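Peer 1: Sequence and computational prediction follow.
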Amino acid sequence: MQTLELVRTWVVVVSIALSACAHTADPVEFKVQKLSDTLYVLFGDSGNIGVSVGTDGIFIIDDDYDGYGDDLQAAIARISDQPIRYVINTHWHFDHAGGNEYFGRAGSVIIAHDNARERLKSGGYLETHDLDVKPAPHEALPVITFDNSMTLHLNGEATQVIYVEPAHTDGDAFVWFRDSNVIHTGDIFLNGVYPLVDYSSGGTINGSIAAADTLLALINDQTRLIPGHGPVTGKADVKAFRDMLVTLSERVAAMKKNGMSLDDVIAAPPTADLDDRWNTWGDDWRAISLRSIYGALP
Ligand SMILES: [Zn+2]
């Protein structure tokens, strides 16, 4: 099968999955990891979900695909019976903000960066996935937005939501539980997975590298990182992700400069020494990652 066909096949699979998600999805069993008495991570079908619980109520970071709201709500209720007061979106992608409508209707206040709200509101074409994303309904839109950062004073600590310059998209934020020494990174860091530079949502390669550098400057050897996808981990894996991003983008840049087509780059591919660690989602995802880097280059 030609590589581009592989990408198309993947897109079809995702599209089917997405259309199937509209409130008719099969139940998802969320796996729970406890990080502290007030912090949990839920691993569902897609983006990792951070959960802060305590006497002030619950707030969550990201809310998976559309269609899984009941399952996610039930999984959270097993941790705490308090109401979910806030939902923070790390960015606008449908695998992180797809549950917004469900939780918005249920009364949660949705928070995101200004640009993430704009993209949710308008929808848009994801060139890396050849996918049209529809405008989100009113109930799914963030009610509170911020430009650079904001702080939530809940459950015994000051939690900062911090914007990074255009990286994975142009509306990425990470969430820093400074006292707990835990960060939910959104998709500016993926653990063991090739990156996506969503240039059609304003993402950039240099910004992606800079975002990883921003994380590395903040964290220490004890920091626990909740990646956008993959298991909870520490600083060494962020450093490895950053270095892989630099290596991969340099290689793809050289190939593009030499006149290689996207198909030739994907067919090459320039990842032989990287695949053991990073090709955990398989060749279709690797092709999408390469496509995103190739397309983000000048
Ligand atoms: Zn994303």
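Peer 2: That came through fine. Here the structure is a predicted model, which means the values were calculated and not measured. Numbers count the residues shown, from 1 in each chain.
Peer 1: can you give me the strands for this protein?
Peer 2: Remark: strands assigned in the chain by DSSP state E are 31-34, 39-43, 49-52, 58-61, 84-88, 109-113, 124-126, 131-133, 144-146, 149-154, 157-163, 173-177, 182-186, 224-227.
Peer 1: What residues of the first one count as buried?
Peer 2: So that's strand 31-34. Under the neighbour-count criterion of 16 or more other C-beta atoms under 10 Å, strand 31-34 has nothing buried. (C-beta placed from N, C-alpha, C; glycine too.)
Peer 1: Report the strands that pair with that strand, each with its relative direction.
Peer 2: strand 39-43 (antiparallel) (DSSP bridges).
Peer 1: and the gap between the residue lying closest to residue 219 once chain neighbours are set aside and the ion?
Peer 2: Spatial nearest neighbour of residue 219, chain neighbours left out: residue 235 (5.2 Å); criterion: C-beta to C-beta, 6 or more residues apart in numbering. Residue 235 is 22 Å from the ion, where distance means C-beta to the ion, to the nearest Å.
Peer 1: Just the pLDDT for residue 235.
Peer 2: For residue 235, the pLDDT comes out at 98.
Peer 1: Can you give me every residue that contacts it?
Peer 2: 216, 219, 220, 221, 223, 225 (C-beta atoms under 8 Å, 6 or more residues apart in numbering).
Peer 1: What subset of the residues you listed is buried?
Peer 2: Buried among the contacts of residue 235 (16+ other C-beta under 10 Å): 219, 223, 225.
Peer 1: ok, which of those residues also contact the ion?
Peer 2: Among those, none lies close to the ion by the criterion of C-beta under 5 Å from the ion.
Peer 1: And the helices in the stretch 101-250 of the chain?
Peer 2: Secondary structure of the stretch 101-250 of the chain (DSSP state H, counting those that start in this stretch): helices located at 114-122, 205-218, 235-257.
Peer 1: Count the residues that sit near the residue of the stretch 151-298 of the chain found nearest the ion.
Peer 2: Nearest residue of the stretch 151-298 of the chain to the ion, counting by C-beta to the ion: residue 187, 3.6 Å away. Look at residue 187: counted by other C-beta atoms under 10 Å, it has 29 neighbours.
Peer 1: Thanks a lot, see you next time.
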